[in-house]
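Trainee: Build the 3D model from these lines:
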Amino acid sequence: MLSARCSASDALLVVYAAGNELAWTRLGVSVGRRIGQAVRRNYIRRRIREAFRRNKSELPSGVDLVCVARQADWTRKTDVRSSLIRLAIQAAARWKRKPLG
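Mentor: All right, here's what the predicted structure looks like:
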């Protein structure tokens, strides 16, 4: 499955997408140690999961998404929601266009 993934990125996130043969979307989150101490990493994970939970209807279905947080300004003003939706749609569209084999 790893060879069949596609990605999209911006200043906050890198989103990898791959098909999952299910009717719903699943999410994986990775926040590396370079981002900061455990409290900060957990805060970022919570924000990404919450953006996913609140916007499931806007995300493509039948796709596994893996979000990798980048070192950026993760203040409250940062719009994780729009970044996640936009990148998930881009990565899923690239995955659907990618030829099999």
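
Trainee: from here on, contacts and neighbour counts on C-alpha atoms
Mentor: OK.

Trainee: This protein: strands as residue ranges?
Mentor: Here the chain has its strands, by DSSP state E, at 6-9, 13-19, 26-30, 63-69.

Trainee: would you turn those strands into JSON lines with mean pLDDT and distance to residue 89?
Mentor: As requested, the strands of the chain are arranged in JSON lines below (pLDDT from 0 to 100; distance: least, CA to CA, whole Å):
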{"stretch": "strand 6-9", "mean pLDDT": "91", "distance to residue 89": "9"}
{"stretch": "strand 13-19", "mean pLDDT": "92", "distance to residue 89": "9"}
{"stretch": "strand 26-30", "mean pLDDT": "96", "distance to residue 89": "14"}
{"stretch": "strand 63-69", "mean pLDDT": "94", "distance to residue 89": "10"}
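
Trainee: quick one: which of the ones you listed is nearest residue 82?
Mentor: strand 13-19 (11.1 Å; CA to CA).

Trainee: Partner strands of that closest one, with direction?
Mentor: strand 6-9 (antiparallel), strand 63-69 (antiparallel) (DSSP bridges).

Trainee: one step back: out of the strands of the chain, the one nearest residue 55 is which?
Mentor: That would be, of the strands of the chain and by CA to CA, strand 26-30, which comes in at 12.1 Å.

Trainee: and the angle from the closest one to strand 13-19?
Mentor: Between strand 26-30 and strand 13-19, the angle comes out at 140 degrees (axes from the mean of the first three to the mean of the last three CA atoms, to 10 degrees).

Trainee: Run the chain-centre distance for strand 26-30.
Mentor: 7 Å (CA atoms, centre = their mean, to the nearest Å).
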